[in-house]
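Undergrad: sequence and predicted structure, then a few things I'm wondering about:
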Amino acid sequence: MQDVSPAATVSAGRGPDRPPVGAPAELLRRLRARTGADPVTHVERVPARAGEQAPWPDWTPEPLRAAFARRGVVAPWRHQAQAADLAYVGRSVVVATGTASGKSLAYQLPALATLLADPRATVLYLAPTKALAADQLRAVAGLELDGVRPACYDGDTPRAERDWIRQHARFVLTNPDMLHHGILPGHARWSGFLRRLAYVIVDECHTYRGVFGSHVAHVLRRLRRQCARFGRTPVFILASATSGDPATTAGRLTGLPVAAVTEDASPRGGVTFALWEPPLLPADADAAEADATVADLAPVRRSALRETADLLADTVAAGVRTLAFVRSRKGAEVVAANARRALDEAVPGLGERVAAYRGGYLREERRELERALLHGDLLGLASTNALELGVDLVGLDAVLICGWPGTRASLWQQAGRAGRSGGEALAVLVARDDPLDTYLVHHPEALFGRPVEATVLDPANPYVLAPQLACAAAEAPLTPADLDLFGEGAKEAVDSLVETGALRQRPTGWYWRHRERPEVDLRGEGGAPVCVVEAATGRLLGTVDGGSSHFLLHPGAVYLHQGVSYVVDALDLADGCALVHPEEPDWSTHARDVTSLTVASVRSYVDAGPVGLFLGEVDVTSQVVSYQRRRIASGEVIDTRPLDLPARELRTVAVWFTLSPESMTSAGVAPADVSGALHAAEHAGIGLLPLMATCDRWDIGGLSTALHPDTEAPTVFVYDGHPGGAGFAERAYRTAAQWLRATRDAIAECGCEAGCPSCVQSPKCGNGNNPLSKPDAVRVLDVVLANLPTEHPPRQPGPTDAPDAGPPGAGAGG
Ligand SMILES: [Zn+2]
Ligand SMILES: [Zn+2]
């Protein structure tokens, strides 16, 4: 959906007679002159790039070349031709380039050329959503190529059409869920299609991350296995947003060696990119007067929403076409309303040129708003999500990003909307009041000139592997050769399935023992997902995995679904369903939990003298005990309400570090402050981990203690909030020195005195952010960083190490 052909990119950039806009540098000067203290912490100039075309590969059939020409594509960009060439000669390839760089042409070219050259060949296209598959269907059908017969096959496909599609369609568009629930279990009926399968296209593959990504990785292995039974080895073409190390991620996802094409040769306008930190509120503002019981988490800075609204009003007043990205629909409406009010106060009527872009709008209404913005009838738009936006909405004069969007990949996708071809544009990232945003606006080197994050998934997660192997066995008995295909841990998972009676071992392989197929939900996690149901209508809005349900669906929770806000009336854990009603209150809700944890086993560790770093399995018991309501516009805490939910057990993967008490004393941490130091370091560490892994802080949990019975030392744990782990803690372990360095700097550089939401306070702390010691957290992290090698081959616990107790606790080292 984010893709357009190169020609379309250029023409959308030109647009009809727009008035010339002042240089971005001048615009930025005006914006920052508005306030007293300079809110701009950094300005980066991203230079314009001329596009670089390549000739059509000589294998391109003439009708295909003509079809692309009708669409306005004269020649491919170099990266498109490069990826297409690799795929055409049979190498699996991932193309990972920016917004609107034309990734779809890179896979359409070899796939369609093959369908035209070989009248028997077939292609399977996978998108993460039905909507994206439908968009891609329109694009392929619009080429009007003879004999390609593209068709969507998903949950909405009428039964009557399914037979025809299986027998005749040659370009089938679907999603991983349908492949898992429909196509693979029905492989006998799909044998004609599968035995001729030439390409598997995996679009937007960066969305397959965490537990969901690990499931999809095994669905693709199951697909490869079914094809192999017919002697078929399809070539995989993956398209990704710009991401770190795409070849490795694509390799983990498919289980195959994958070549990466990452050099974007599409043209782009220059962008002046400013990092913006809203000013501190005066000390005597309402924050100080807030009720003492809710004093923690009181905002100390002007909210990012207010700041973004003011910036939007200022750019619109200057006649600049601006798109503001805001995380929630309510937030987008607050920004649009405040900007309108400010503009109307200045020039009555000017406010009409700003609108909010709502997820609930019909496609036609959205297209109309996009048109109005492109033509300049509308000058400012506040929007929730890049994926809802039309393809043509690129080439804007300014983009405001309210709060870090979570990854550099999304940051560039959003900023990529700015920059007309041949023109210059402005992008501004407005920091919210949290550790990661604060760190980033003070560390431009973490944003610019470095690769975006790698997509993290862990196919070896036993909670994913075992159910997926059960599905595979139900499709066809597993053989020893299959174990290699499913990779690390497959043998253990099969053994456990035999033990529980799910599989039976025979001389010819492992057989599924039941009549019914195993029930496995790709987007859940083994436990039953909780259904979200609109109480008045009985309509099923969606599901939330069991692990997150207590956090997201407790009674009173504000639940966002596709940008629309609901409030939870009741959470019925026995039935696995939450009843909700549509409502848009002025507050958001933030659940808090309390946790205890025991170490089950150690996978790997680094012994660094007084410091130990570990990766292993842990059992976490946690209970969501209360939630806070916070005003959307200001972040101010309204109140904290108790909850009555049962405790839950979780076996997952954690990273943890330990310090010897002596090393802390020498660093100047008084024994009474050890707990506060570790607790503060834990909060900030969780806040900063998304810098290293594609997760957000709600995917991970933490625990810190001055003395843990299993490590016998002061310890900070950070764990994956998903059964079996999702790869985030593992990533933290592998990048520990970088991760903890960033954490230390974020705390040390925060301008607050005793800790604030920008550094060591956490919105999900079950202990009410108490105790916390900001200066001692820096001392603790300094000890860890001084001892931890930046590169160290981790050790596996084995018989030669510490024969009695496995790996040493840190106490032993100091
Ligand atoms: Zn602070
Ligand atoms: Zn806490």
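TA: Ah, there it is. Ligands and ions are numbered 1, 2, ... in the order given.

Undergrad: the helix or strand hosting L560 pairs with which strands, parallel or anti?
TA: According to DSSP states H and E, L560 maps onto strand 558-561. With DSSP bridges as the criterion, the sheet partners recorded for strand 558-561 are strand 564-572 (antiparallel).

Undergrad: what comes up buried for the following helix or strand past the partner strand?
TA: Moving toward the C-terminus from strand 564-572, the first helix or strand encountered (DSSP H and E) is strand 577-582. Taking 16 or more other CB atoms under 10 Å as the basis for neighbour counts, the residues of strand 577-582 that come out buried are 577-580. Any C-beta I mention is one placed from the backbone N, CA and C, and that applies to glycine too.

Undergrad: ok, which stretches of the stretch 51-200 of the chain are helices?
TA: Per DSSP state H, counting those that start in this stretch, the stretch 51-200 of the chain has helices spanning 62-70, 78-88, 103-117, 130-141, 159-168, 176-178, 191-194. These are given in chain order.

Undergrad: report how many residues lie close to whichever residue of the chain sits closest to ligand 2.
TA: Checking the chain residue by residue against ligand 2 with CB to the ion singles out C765 as nearest, at 3.2 Å. C765 is flanked by 22 other residues according to other CB atoms under 10 Å.

Undergrad: surely it meets V594?
TA: No. Taking contacts as CB atoms under 8 Å, C765 lies outside contact range of V594: 9.4 Å.

Undergrad: what about the closest residue in space to T248 that isn't next to it in sequence, which SS state?
TA: If you skip the residues right next to it in sequence, T248 has A454 as its closest partner in space, 6.9 Å away by CB to CB, 6 or more residues apart in numbering. For A454, the secondary-structure state derived from DSSP: H, G, I helix; E, B strand; the rest coil is coil.

Undergrad: A454 against T242, yeah?
TA: No. Using CB under 8 Å as the test, A454 is too far from T242 to be in contact (11.3 Å).

Undergrad: count of neighbours near E161?
TA: The number of residues near E161, taken as other CB under 10 Å, comes to 13.

Undergrad: ok, now how distant is it from R222?
TA: 25 Å (CB to CB, to the nearest Å).

Undergrad: do the same with F230
TA: When distance is defined by CB to CB, F230 is 14 Å away from R222.

Undergrad: also T543?
TA: As defined by CB to CB, T543 lies at a distance of 22 Å from R222.

Undergrad: the two: which is more packed in?
TA: A side-by-side neighbour count of T543 and R222, using other CB under 10 Å, places R222 first with 24 against 18.

Undergrad: so after the longest helix along the chain, what's the next helix or strand?
TA: Scanning the chain for the helix with the most residues, using DSSP state H, yields helix 210-229. For helix 210-229, the succeeding helix or strand toward the C-terminus, using DSSP H and E, is strand 235-240.

Undergrad: note down every partner strand of that following strand and its orientation.
TA: Using DSSP bridges, the strands paired with strand 235-240 are strand 93-96 (parallel), strand 197-202 (parallel).

Undergrad: for the stretch 501-650 of the chain, what are the low-confidence residue spans?
TA: Scanning the stretch 501-650 of the chain for pLDDT under 70 picks out 524-528, 561-563.

Undergrad: try 80
TA: Counting by pLDDT under 80, the stretch 501-650 of the chain contains low-confidence residues at 523-529, 542-548, 560-564, 632-635.

Undergrad: could I get the full set of helices for the stretch 401-550 of the chain?
TA: 408-415, 435-442, 462-475, 480-486, 490-499, 546-552.

Undergrad: including distance to H679 and mean neighbour count, could those go into a markdown table?
TA: A markdown table is the format used below for these (distance: least, CB to CB, whole Å; neighbours: other CB atoms under 10 Å):
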| stretch | distance to H679 | mean neighbour count |
| --- | --- | --- |
| helix 408-415 | 29 | 22 |
| helix 435-442 | 14 | 24 |
| helix 462-475 | 29 | 24 |
| helix 480-486 | 40 | 16 |
| helix 490-499 | 36 | 18 |
| helix 546-552 | 20 | 22 |
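
Undergrad: figure out which of the ones you listed is closest to ligand 1.
TA: The nearest among the helices of the stretch 401-550 of the chain, by CB to the ion, is helix 435-442 at 7.1 Å.

Undergrad: what's the angle from that closest one to helix 408-415?
TA: In terms of direction (axes from the mean of the first three to the mean of the last three CA atoms, to 10 degrees), helix 435-442 departs from helix 408-415 by 60 degrees.

Undergrad: give me the average confidence score over helix 435-442.
TA: On average, the pLDDT along helix 435-442 is 83.

Undergrad: got the buried residues for stretch 672-679?
TA: 673-679.

Undergrad: from P279, how far off is the closest residue to ligand 1 within the stretch 1-150 of the chain?
TA: For the stretch 1-150 of the chain, the nearest residue to ligand 1 under the criterion CB to the ion is T41, separated by 14.9 Å. When distances are taken as CB to CB, T41 and P279 turn out to be 12 Å apart.

Undergrad: same deal with R120?
TA: As it turns out, when the distance is counted by CB to CB, R120 lies 66 Å from P279.

Undergrad: looking at these two, which one has more neighbours?
TA: More neighbours sit around P279 than around the other of R120 and P279, counting by other CB under 10 Å; the figures are 13 against 10.

Undergrad: list the contacts for V316?
TA: When the contact criterion is CB atoms under 8 Å, 6 or more residues apart in numbering, the partners of V316 are 322, 339, 343, 350, 353-354, 379-380.

Undergrad: and the stretch 651-800 of the chain, which of its residues are near ligand 1?
TA: By CB under 5 Å from the ion, the part of the stretch 651-800 of the chain that sits against ligand 1 consists of 750, 752, 756, 758-759.

Undergrad: next: the chain.
TA: Checking the chain against ligand 1 by CB under 5 Å from the ion, the hits are 750, 752, 756, 758-759.

Undergrad: got CSV for these, with distance to ligand 2, neighbour count and pLDDT too?
TA: Listed next are the residues of the chain next to ligand 1 as CSV, based on distance: CB to the ion, whole Å; neighbours: other CB atoms under 10 Å; pLDDT from 0 to 100:
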residue, distance to ligand 2, neighbour count, pLDDT
C750, 17, 21, 82
C752, 17, 17, 78
C756, 14, 25, 79
S758, 16, 29, 78
C759, 13, 28, 84
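
Undergrad: could you pull out the helices in the stretch 251-400 of the chain for me?
TA: According to DSSP H, counting those that start in this stretch, the helices that the stretch 251-400 of the chain contains are 286-289, 304-317, 329-346, 363-375.

Undergrad: among the ones you listed, which is the most enclosed?
TA: When you average the neighbours per residue for each of the helices of the stretch 251-400 of the chain (mean count of other CB atoms under 10 Å), helix 304-317 leads with a mean of 25.

Undergrad: that helix vs helix 435-442, what angle?
TA: Helix 304-317 and helix 435-442 are oriented at 40 degrees to each other (the same axes, to 10 degrees).

Undergrad: what's the neighbour count on the residue of the stretch 251-400 of the chain at minimum distance from ligand 1?
TA: Distances between the stretch 251-400 of the chain and ligand 1 by CB to the ion are smallest at V300, namely 7.4 Å. Counted by other CB under 10 Å, the residues lying close to V300 total 21.
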